[in-house]
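Visitor: only geometry, no sequence info:
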């Protein structure tokens, strides 16, 4: 058993040794194979380079021969089919060699013309590819040819669209917002950066001008005319290419002149137009950026401009797709994929410097706009009279932060000069005409009586918050909200009759046994919503608090005149008896104010019958205007009357009023007569514009007073009883 185990261990050791030897052998074979691969690659690269060098030399020799033939073509006429065939054969051979070089290695395509990369000193040149846009068509083909015309049309179309957009920006908005929020500000800088990166018209035009600067333009032409491709119909697709005519000048001088002409017409002009178009796009983009005050609109407008700037690329795509004809399509396709060695080292410094300058100008301009917004320059330009000629920096900062924020800030911003808080206060002004207070949306209707300017008819008495406080007009307290707050404020003047004993908070609950012990008290009338004089005492809780407001308004009325019925005071009818029409009772709660103005000496208990169309003997006297002239309806001409108490009375009251040839009975008869509607006649004795019960009220339509609708303006005044009470709700 032990011997068997030793034998297995020995076998295992031998297998391990064999595996290690096999691994070592595989490693040696792998190293040999890698060395062989390196040797093969080296041989292939050396052979390929040698072959390409020979082919390049052949191409250059043939180019020299072709140019020589072209130079002498103008001096002597070439005759004979053999010579013409020789030239065509040479051209075909050049084309074949070039195609062979291109097919050998695509990376070496730009070196097909030694003149184009004449400044090259390295085999790792940067490649310049002709841009796929319509400006390339202008670079390659003659002016006024279809391909060239498409490039010009695309340029003009882009410029016209940009001009329309700029005109719209100037006419529709035409101004920079005086403030923008932070997210829009970040978006402005981001879009500016994107404009610089995406504006390839500026980038490629600079690259084209730099790459082809002082190049051998004949070599540039050879990229397109060396082979003279033929279309399926046999027509030369490069027939519109601009071959510079050779004149009888020395070759070097002629070449130099031709290069200048070609460079100016085919390289400089198209790329300057392209650069101008790109800069114009940046200018319009900058106008969109600085005039935007909404991030979404900024992104939409900027995206639209990106599309406008790409129109030349889109038109070129349609040209290559054959939408402008087969010939133009072939010509456009022929420009794609053409590459040139970009080797002028100084241009790699010029290009970024130009872009840095353009970008810096845009950033500096945007920063200056931001500074002007923060400093309030644009605000002062838009609202020059908002703060008058003198304004503080703090007021400008406050205005900038509050204007057009969607909240009516009121105060000094809610003026015509400030465009009513930039339009934020228009709805407030319609709802509360004449109410110009600070922060109206915060304080009006906040269930707290704010007093002061808020507690005015224009502000609807703090939008109803001060109605309770106004029920006690003689209550002068610092904090109206303590009235009727459920807690008795025992300090003066809260706990007084003028303040309704703290709005009822300090009125004890009615002790029915104590209250019913008072003679003439009716317990059932307590707290029924009507002030009953017989229950108006402290023991009965001032009629269960029903008489608190009456006592506060007329604190001595009920005391002086025991038989006064509080419900008749201010009921709209003049009670000229029993103390109602007295100062203590407010001239019957202003019910008799108009009557006292017209008939100050008239006395009686039922004065409402005056001027009702029926003659009441008790009022048929001069003091009562002959019952409002109900008792003498005939025509009375004071110029003919020899004896008339009424005429004498009218002359004494209105000495400058012309009464001749007029019916004196119409003066002061409660009906407005236009012939007496003048100041000298007391506005028809008060009939015109004078509202009953409101002698100081002068309005255009007296019937609107107390009609159940708040009319505002001159109606909503103290003299007119706040539109007869319509505006108190």
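Guide: Received, thanks. No experiment lies behind these values; they were computed from the predicted model shown. Numbering: from 1, shown residues only.
Visitor: Spatially nearest residue to residue 471 (excluding sequence neighbours)?
Guide: residue 549 (4.6 Å; C-beta to C-beta, 6 or more residues apart in numbering). Glycine gets a C-beta too; all of them are placed from N, C-alpha and C.
Visitor: For the one you found, give me its contacts.
Guide: Residue 549 makes contacts with 471, 472, 500, 531, as judged by C-beta atoms under 8 Å, 6 or more residues apart in numbering.
Visitor: Now the element after the helix or strand harbouring it, going C-ward?
Guide: With elements delineated by DSSP states H and E, residue 549 resides in helix 548-553, which encompasses its position. Going down the chain from helix 548-553, the next helix or strand is helix 557-560, by DSSP H and E.
Visitor: Residue 548 - nearest residue in space that isn't next to it in sequence?
Guide: Closest to residue 548 by C-beta to C-beta, 6+ apart is residue 500, at 3.9 Å.
Visitor: now that neighbour: how far from residue 449?
Guide: Distance from residue 500 to residue 449, counting by C-beta to C-beta, to the nearest Å: 14 Å.
Visitor: With residue 638 instead?
Guide: Relative to residue 449, residue 638 is positioned 54 Å away (C-beta to C-beta).
Visitor: Repeat that for residue 181.
Guide: To residue 449, residue 181 is 36 Å away according to C-beta to C-beta.
Visitor: Kindly report the same for residue 529.
Guide: 23 Å.
Visitor: And those two? Which one has more around it.
Guide: Legend: neighbour count by other C-beta atoms under 10 Å for residue 529 and residue 449, higher for residue 449 (23 against 9).
Visitor: Helix or strand: which one has that one?
Guide: For residue 449, there is no host helix or strand (DSSP H and E).
Visitor: list the contacts for it?
Guide: The contact partners of residue 449, taken as C-beta under 8 Å, 6+ apart, are 455, 462, 465, 466, 468, 469, 480, 481.
Visitor: export those residues to CSV and tack on neighbour count?
Guide: Shown next, in CSV, are the contacts of residue 449 (neighbours: other C-beta atoms under 10 Å):
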residue, neighbour count
455, 18
462, 28
465, 23
466, 22
468, 19
469, 23
480, 23
481, 17
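Visitor: any idea which of these is closest to residue 606?
Guide: Nearest to residue 606 among the contacts of residue 449, counting by C-beta to C-beta, is residue 468 at 36.0 Å.
Visitor: Could you confirm that closest one falls within a strand?
Guide: No. Under DSSP: H, G, I helix; E, B strand; the rest coil, residue 468 falls outside any strand and is assigned helix.
Visitor: From what I see, it and residue 504 are in contact.
Guide: No. Look at residue 468 against residue 504 with C-beta atoms under 8 Å: they stay out of range, at 9.8 Å.
Visitor: Mutual contacts of those two, please.
Guide: By C-beta under 8 Å, 6+ apart, residue 468 and residue 504 have these common neighbours: residue 484.
Visitor: And for the spatially closest residue to residue 279 that is not a sequence neighbour, the neighbour number?
Guide: Excluding the flanking residues, the one nearest residue 279 by C-beta to C-beta, 6+ apart is residue 202, at 6.5 Å. The local packing of residue 202 (other C-beta under 10 Å) involves 23 other residues.
Visitor: Residue 433 now?
Guide: Residue 433: 12 surrounding residues under other C-beta under 10 Å.
Visitor: how about it, secondary structure?
Guide: Using three-state DSSP, the structure places residue 433 in coil.
Visitor: That one: what's it in contact with?
Guide: 458, 712, 713 are the contacts of residue 433 under C-beta under 8 Å, 6+ apart.
Visitor: Can you flag the buried ones in those?
Guide: Neighbour counting over these (16 or more other C-beta atoms under 10 Å) leaves 458, 712 as the buried ones.
Visitor: tell me which of the contacts of residue 433 is nearest to residue 597?
Guide: Using C-beta to C-beta, the contacts of residue 433 come closest to residue 597 at residue 713, 22.9 Å.
Visitor: quick one, what contacts that closest one?
Guide: With contacts defined as C-beta under 8 Å, 6+ apart, residue 713 is in contact with 433, 434.
Visitor: please renumber so the chain begins at 31
Guide: Yep, numbering from 31; the last one is residue 743 now.
Visitor: ok, it to residue 487 distance?
Guide: Distance, residue 743 to residue 487, using C-beta to C-beta: 10 Å.
Visitor: again with residue 297
Guide: Counting by C-beta to C-beta, the separation of residue 297 from residue 487 is 80 Å.
Visitor: Residue 188 touches residue 344, doesn't it?
Guide: No. Applying C-beta under 8 Å as the test, residue 188 and residue 344 come out as separate, 10.5 Å apart.
Visitor: Can I get the contacts of residue 479 in JSON lines including distance to residue 708 and pLDDT?
Guide: Listed next are the contacts of residue 479 as JSON lines, based on distance: C-beta to C-beta, whole Å; pLDDT from 0 to 100:
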{"residue": "485", "distance to residue 708": "37", "pLDDT": "85"}
{"residue": "492", "distance to residue 708": "40", "pLDDT": "87"}
{"residue": "495", "distance to residue 708": "43", "pLDDT": "84"}
{"residue": "496", "distance to residue 708": "40", "pLDDT": "83"}
{"residue": "498", "distance to residue 708": "44", "pLDDT": "77"}
{"residue": "499", "distance to residue 708": "41", "pLDDT": "78"}
{"residue": "510", "distance to residue 708": "44", "pLDDT": "77"}
{"residue": "511", "distance to residue 708": "49", "pLDDT": "76"}
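Visitor: which of those lies closest to residue 180?
Guide: Relative to residue 180, the closest of the contacts of residue 479 is residue 492; by C-beta to C-beta it sits at 72.4 Å.
Visitor: Point me to the helix or strand that includes that closest one.
Guide: Under the criterion of DSSP H and E, residue 492 resides in helix 490-493.
Visitor: ok, and what's touching that helix?
Guide: Here helix 490-493 has contacts from 462, 465, 473-475, 478-481, 484-485, 497, 500, 740, 757-758, using C-beta under 8 Å, 6+ apart.
Visitor: just stretch 554-568 next, same as before
Guide: The contact list for stretch 554-568 (C-beta under 8 Å, 6+ apart) reads 540, 545, 548, 550-552, 570-577, 579-581, 588, 592-597.
Visitor: This completes my enquiry, with thanks.
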